[in-house]
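Peer 1: Sequence first, then the predicted structure, then my questions.
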Amino acid sequence: MERVVVQNLSKKFKIGFKKRQSSLAKIISFFSGKEPKKIIWALRDISFKARAGEIIGIIGENGSGKSTLLRIIAGIYDKDEGKINVNGKIISLINLNIGLQPRLTMRDNIYLCCSLFGLSQKTIKQRFSSIVEFSELENFVNTKIYQFSEGMKQRLAFSIAIHCKSEILLLDEVFEVGDENFKIKSAEKIKEFIKKGASVLLVSHDLQMIEKYCDRAIWLDKGKIVKKGKTREVVKVYRK
Amino acid sequence: MNAKIKKYYQKIKSILGLSLQLAKAGFKLRNEGSYLGILWYLLNPLLMFCLLFLIFSNRLGVEIPNYPLYLLLGIIMFNFFQQATTEATKTIIHEYRLLIKSINFPRESLIGSIVLKTLFSHLFEIILFIIFLLIFKNSLIGIISYPIILLFFCFFAFGVSLILAALTVYFIDLENIWLFASRLVWLGTPIFYAIEGQTRLFYINLLNPMYYFITIARDLIIYARTPELWLISGAVGYSLLFLVIGFLIFNKLKIKFAEML
């Protein structure tokens, strides 16, 4: 079954127009007809499919459109051209930002973040202990998040995302902070996840990780697909 | 058709559920380490009341029966509206910027949570008002009708907040403009004065939804009389109108939020 089908997707950003404009400035620029100076295509003509039970790695330099692609699939950004078909519930974990509130305790944060991902109170209650257990932060349930280290926050964020039981998981640079043990543990969890028919899109700069866990890979550069196919081949070309 | 209604119901339910969670979190954040939290909510309307009462009770207030109650009810109702709308101009652009860029959750719940939070602190103001009713030996019967007024009042505040929140993403200084504009509405609404007999002011206030809500509440609660029909239909009409416009504008603009922030 195909979880995500992307066809000829394009996305443009307007550059050079001030987005944080005051009302007066906006009205003036509207009547004087000054339009945005430049348009850049963050994504151009992207097509690929992600089937159930597949991990797809997305690699490329900074600014190549990886996060934009994930955001469009998640429905955070609007697309300009092309088609996207999504089959299943999406959980997006972009730069580990899941709305953790520094001044709230870990317990409150788990409830808050899971609700943001669309879980009901009842479900959160059921999964609470396994979220805590997976993150290995049992001793900090009543500690406020601002006292957490980056690694601990990553553990918590990942643990929450993985326990929201989606069919499609979008991961953007989530393994760049954590320690090796947790990385392996998470990767195993993802494997378990896709066995149940989910599909995962993984953006990462860690090529070893991509090589080890992804079935296929896509190399993006300046918003275009340079190469896609078997992970080993794509990574090999990319390394050059 | 049935499936469509069910879908809408599910959607509204999920928005409300998330609003509640966000409101809870927001409430905990606001009152972190403060034991006097609730008192602070009351301080603002109470001080405002004292000040206006001292100034006006011998002048504008002389001809208004039950002036202290008249004044306090006006203050707390306007306070509700002002708190909700001002926060709405801030929330999306400051507090939840990063979250909007990372997760696709129903954005309406951010505004819903603001209204719920404000509603919660409003309850304490209502209690304060009931104490005033007791002190001034007014009948308490009228207060029973307040929940219905409050329901439509919430619709209205929610609608206006949706509009403001969506537009501030595009017009960054709307936050400041609204601070000023809401102050103007405050002065224009008969809160510490009455507009009986002033034709021009009366006609202007017909365009002011706040006038309808406050007048109805005063009629029912303080003066124990049935408000006129045009007042009631005005309040219901304005609240539904703003609710619909609010949803339309917000829905149209929300897909661009993540890009604009």
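Peer 2: Yep, that arrived.

Peer 1: Please, which helix or strand holds residue 42?
Peer 2: Answering for chain A, as no chain was given. Remark: A:Ala42 resides in strand A:38-51, with elements defined by DSSP states H and E.

Peer 1: actually chain B
Peer 2: helix B:37-56.

Peer 1: same thing with A:Asn97?
Peer 2: Here A:Asn97 sits in a region with no helix or strand, counting by DSSP H and E.

Peer 1: Tell me which stretches of the chain form helices.
Peer 2: You didn't say which chain, so I picked chain A. Applying DSSP state H to chain A gives helices spanning A:23-32, A:66-74, A:106-116, A:121-135, A:150-162, A:180-195, A:207-213, A:231-239.

Peer 1: my question was about chain B
Peer 2: Shown for chain B, the helices assigned by DSSP H span residues B:2-30, B:37-56, B:67-90, B:97-102, B:108-135, B:146-170, B:174-188, B:199-205, B:209-217, B:229-253, B:257-260.

Peer 1: List the buried residues of the first one.
Peer 2: By neighbour count, and taking 16 or more other C-beta atoms under 10 Å in any protein chain shown as the criterion, the buried residues in helix B:2-30 are B:14-27. For the C-beta atoms, the positions are set from N, CA and C on the backbone; glycine is no exception.

Peer 1: can you tell me if the lowest-mean-pLDDT helix or strand in chain A touches chain B.
Peer 2: Sorting the helices and strands of chain A by mean pLDDT, DSSP states H and E puts helix A:23-32 at the bottom, at a mean of 73. Yes - for helix A:23-32 and chain B, the contact criterion (C-beta under 8 Å from any C-beta of the partner chain) is met by A:23-24, A:26.

Peer 1: Whichever of those count as buried, I'd like them selected in PyMOL; how would that read?
Peer 2: Those of those that count as buried under 16+ other C-beta under 10 Å are selected in PyMOL with:
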select buried, chain A and resi 23
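
Peer 1: out of the residues of helix A:23-32 next to chain B, who's nearest chain B?
Peer 2: Using C-beta to the nearest C-beta, A:Ser23 comes nearest to chain B of the residues of helix A:23-32 next to chain B, at 4.2 Å.

Peer 1: Provide a list of residues in contact with the closest one.
Peer 2: By C-beta atoms under 8 Å, 6 or more residues apart in numbering or on different chains, the residues touching A:Ser23 are B:171, B:173-174, B:177.

Peer 1: do A:Asp78 as well
Peer 2: Counting by C-beta under 8 Å, 6+ apart, A:Asp78 touches A:72, B:255-256, B:259.

Peer 1: so which of the residues you listed is the most crowded?
Peer 2: A:Ile72 (23 neighbours; other C-beta atoms under 10 Å in any protein chain shown).

Peer 1: how close does it get to A:Gly151?
Peer 2: Counting by C-beta to C-beta, to the nearest Å, the gap from A:Ile72 to A:Gly151 is 30 Å.

Peer 1: and stretch B:8-23, how far out from the chain's middle?
Peer 2: From the chain centre to the centre of stretch B:8-23 is a distance of 19 Å (C-alpha atoms, centre = their mean, to the nearest Å).

Peer 1: Outside of it itself, list whatever touches it.
Peer 2: By C-beta under 8 Å, 6+ apart, the surrounding residues in contact with stretch B:8-23 are A:111-112, A:115-116, A:118, A:120-121, B:105-106, B:108-110, B:112-117, B:120.

Peer 1: go on, stretch B:173-189?
Peer 2: Here stretch B:173-189 makes contact (C-beta under 8 Å, 6+ apart) with A:22-24, B:74, B:78, B:81-82, B:85-86, B:89-90, B:93, B:164, B:167-168, B:171, B:204-205, B:208, B:210-211, B:214.

Peer 1: Nearest to A:Ile98, out of the helices of chain B?
Peer 2: A:Ile98 sits nearest to helix B:97-102 of all those, at 6.8 Å, using C-beta to C-beta.

Peer 1: Next, the buried residues of that closest one.
Peer 2: Using 16+ other C-beta under 10 Å as the test for burial, helix B:97-102 gives B:99-102.

Peer 1: Turn the residues you listed into TSV, columns for distance to chain A and pLDDT.
Peer 2: Below are the buried residues of helix B:97-102 laid out as TSV (distance: C-beta to the nearest C-beta, whole Å; pLDDT from 0 to 100):
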residue	distance to chain A	pLDDT
B:Leu99	4	88
B:Ile100	7	90
B:Lys101	7	89
B:Ser102	4	88
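
Peer 1: Switch those over to TSV; also include distance to B:Ser139.
Peer 2: TSV is the format used below for the buried residues of helix B:97-102 (distance: C-beta to C-beta, whole Å):
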residue	distance to B:Ser139
B:Leu99	48
B:Ile100	48
B:Lys101	53
B:Ser102	53
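
Peer 1: what's the span of stretch A:57-71, first residue to last?
Peer 2: One end of stretch A:57-71 sits 15 Å from the other (C-alpha to C-alpha, to the nearest Å).

Peer 1: cool, and stretch A:204-223?
Peer 2: End-to-end distance for stretch A:204-223, by C-alpha to C-alpha: 16 Å.

Peer 1: before we move on, what about stretch A:126-143?
Peer 2: By C-alpha to C-alpha, the extent of stretch A:126-143 from end to end equals 21 Å.

Peer 1: hmm, it touching chain B?
Peer 2: No - remark: stretch A:126-143 sits outside contact range of chain B, by C-beta under 8 Å from any C-beta, the gap being at least 12.9 Å.

Peer 1: Give the buried residues for that stretch.
Peer 2: By 16+ other C-beta under 10 Å, the buried positions in stretch A:126-143 come out as A:127-128, A:131-132, A:134-135, A:137, A:140.

Peer 1: Check stretch A:9-16 too.
Peer 2: The neighbour-count check on stretch A:9-16 (16+ other C-beta under 10 Å) flags A:9-13 as buried.

Peer 1: Give me the residues contacting stretch A:3-10.
Peer 2: With C-beta under 8 Å, 6+ apart as the test, stretch A:3-10 has contacts from A:41, A:43-52, A:54, A:69, A:72-73, A:79-88, A:167-168, A:198-199, A:201.
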